[in-house]
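> okay, here's the prediction I keep looking at, along with the sequence it came from:
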Number of protein chains: 2
Amino acid sequence: MARSYLSADERREQILDCAQNLFFTKGFEATTVQDLMVAAGVSKGGFYHHFAAKEDVLEAVSQRLAGVSTQLIEEVMDVPGLTAFERLNQSLRALRRFKAEHAQGILAAFAALLRPENMTLYNRINRVNIEAVLPLFTEIIAAGREDGSFDVPDAHLAAQAILALGSMTHDAVARAITSKGTGDGRAANAALSAALDWQGVVIDRILGLPDGSIQFVEPGFVDALLPVED
Amino acid sequence: MARSYLSADERREQILDCAQNLFFTKGFEATTVQDLMVAAGVSKGGFYHHFAAKEDVLEAVSQRLAGVSTQLIEEVMDVPGLTAFERLNQSLRALRRFKAEHAQGILAAFAALLRPENMTLYNRINRVNIEAVLPLFTEIIAAGREDGSFDVPDAHLAAQAILALGSMTHDAVARAITSKGTGDGRAANAALSAALDWQGVVIDRILGLPDGSIQFVEPGFVDALLPVED
DNA sequence: CATAAACAGACCGACGGTCGGTTTGCAAGG
DNA sequence: CCTTGCAAACCGACCGTCGGTCTGTTTATG
């Protein structure tokens, strides 16, 4: 068979691309090493030359995805002269804007991740993402704690609390996504909006800010991401 | 071979007992159906007569464990004439006391669950537990919302937020457990205590209560559960 | 004594992973 | 510019094991 020789980095990235697609489509367990080989156009030996185990591919995909979040936040960190509150708000906005700009991809990813057979994939991605974002959030909150704008005893613990809230809105997200096409899309969107607003309020309260300080979502965000067709 | 005939319920429970042990010891993926068969003293045919798939055993184990939590809370629900605040506090206390009373078993379980190869087991148990506890917490918070003692827009969302905090202290728990035997057990215990205190404060703030209202842990709880040997 | 539930165990396809061998790019020596 | 050597990239047959199936046997029960 005609071999195509790629550099290690290129091949690795290519396998990761295919893996990400397959994992999101079929789930991690349901995706066979054979599937990965075929999709990447590489043999079994070739595959195991780049990855020691199937599990390593999952880890690498998770890391790559987490890198997107960290990069967005780090850009905000590099802006000089911001208060901690502004930095936190802009970080959240950056994440939000990224989601809005890649709406269809994000939606497909969420729809796949929330399927029950994809729980391992979801949990792994979530865990790695939190690990990656935690130090950045800790840094922001530590600054706000020191200048007195955030009322928290420990920045690291506060960041953990805020990031733990991520799993709070999954029900609402799942319902909003699965309701597409059915009649109650509008109600599901409203419920999701309410859940996200509440998540913002919870962040406020954790940091000791008045309700509504943090702009976790702007009005119309959900409807823009998940348009309700009439 | 001499067969031992048990009723369906007995055999099921027995397999579940063995499975729980093995899952906590070796992890879910690492435990083979063969392991379960041998441990329960049943053949493959016998095993698959009671469970359609290995996955079903995991689900059943998770449900059984979640039942412990719900039962403890439901006992508090049955006490008449309590305010919502008292009911929430007593529910947390009941869960705490159960942990203290079964300290060694709980510790072993946590130590096992926090091992990286047991993430699927952990996530599954956690998910099922949250699903089981959520309606009870929602009911309590709804009562407190209506009598004005809790300042939350929606009881269900508030309950989700509080339950989502569970994953907030895992780092500290893991460190406290793994530090047993090493020199820094005292520091790890102190860190865990601080994390749990903070979790209590976060619950207060989510519900719009003054810091320190909810007694999430009493002083000395951690040291009682994880004694530091000198 | 018949019927169904409980159980046995040989068997299967597929999966993750290994291994000895082959092909390619590339740099150094003539 | 052409060998030649070598490591990295790649191949694909092969292996042990796993989850699950199926046919048949044994036991309880009415």
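Arrived safely, thanks for sending. Numbering: from 1, shown residues only, chains lettered A, B, ... in the order given.

> which residues in chain A form helices?
Taking DSSP state H, the helices of chain A run over residues A:8-26, A:33-40, A:44-50, A:54-78, A:84-101, A:103-113, A:119-146, A:155-164, A:170-178, A:185-207, A:221-225.

> B:Gly41: which of the ones you listed is closest?
helix A:119-146 (30.9 Å; Cβ to Cβ). From N, CA and C alone the C-beta is placed, and that goes for glycine too.

> measure how far the closest one is from the centre of its chain, please.
Taking Cα atoms, centre = their mean, to the nearest Å, one finds the center of helix A:119-146 at 10 Å from the center of the full chain.

> ok, now stretch A:150-170?
16 Å.

> contact partners of it?
If you take Cβ atoms under 8 Å, 6 or more residues apart in numbering or on different chains as the criterion, stretch A:150-170 is touched by A:84-85, A:114, A:126, A:130, A:133-134, A:137-139, A:141-142, A:144-145, A:192, A:195-196, A:199, A:202-203, A:206-209, B:157, B:160-161, B:164-169, B:171, B:194-195, B:198-199, B:201-202.

> try stretch A:71-91
Counting by Cβ under 8 Å, 6+ apart, A:94-95, A:98, A:133, A:136-137, A:139-141, A:143-145, A:147, A:149-150, A:209, A:213-215 sit against stretch A:71-91.

> the residue lying closest to A:Leu6 once chain neighbours are set aside: neighbouring residues, count only.
Spatially, and ignoring its direct neighbours in sequence, A:Leu6 is nearest to A:Gln14 (6.9 Å; Cβ to Cβ, 6 or more residues apart in numbering or on different chains). Residues contacting A:Gln14 under the criterion other Cβ atoms under 10 Å in any protein chain shown number 16.

> now swap in A:Gln34 and tell me
Other residues close to A:Gln34 by other Cβ under 10 Å number 10.

> burial check on the nearest residue to it once chain neighbours are set aside, number of neighbours?
Nearest residue to A:Gln34 in three dimensions, chain neighbours excluded: A:Lys44, at 7.8 Å (Cβ to Cβ, 6+ apart). As a burial measure, A:Lys44 scores 11 neighbours (other Cβ under 10 Å).

> picking up where we left off before, need the helices of chain A in CSV (columns: distance to DNA strand D).
Formatted as CSV, those follow (distance: least, Cβ to the nearest atom of the strand, whole Å):
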stretch, distance to DNA strand D
helix A:8-26, 3
helix A:33-40, 8
helix A:44-50, 2
helix A:54-78, 12
helix A:84-101, 32
helix A:103-113, 21
helix A:119-146, 15
helix A:155-164, 31
helix A:170-178, 24
helix A:185-207, 33
helix A:221-225, 36
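
> could you report the separation of the residue nearest to A:Gln34 from A:Leu209?
The span separating A:Lys44 from A:Leu209 equals 55 Å under the rule Cβ to Cβ, to the nearest Å.

> same check on A:Ile141?
12 Å.

> so if I had to pick from those two, which one is more boxed in?
Taking other Cβ under 10 Å, A:Ile141 and A:Leu209 do not tie; A:Ile141 has more neighbours (26 against 18).

> which residue is the nearest non-sequential neighbour of that one?
A:Ala155 (4.2 Å).
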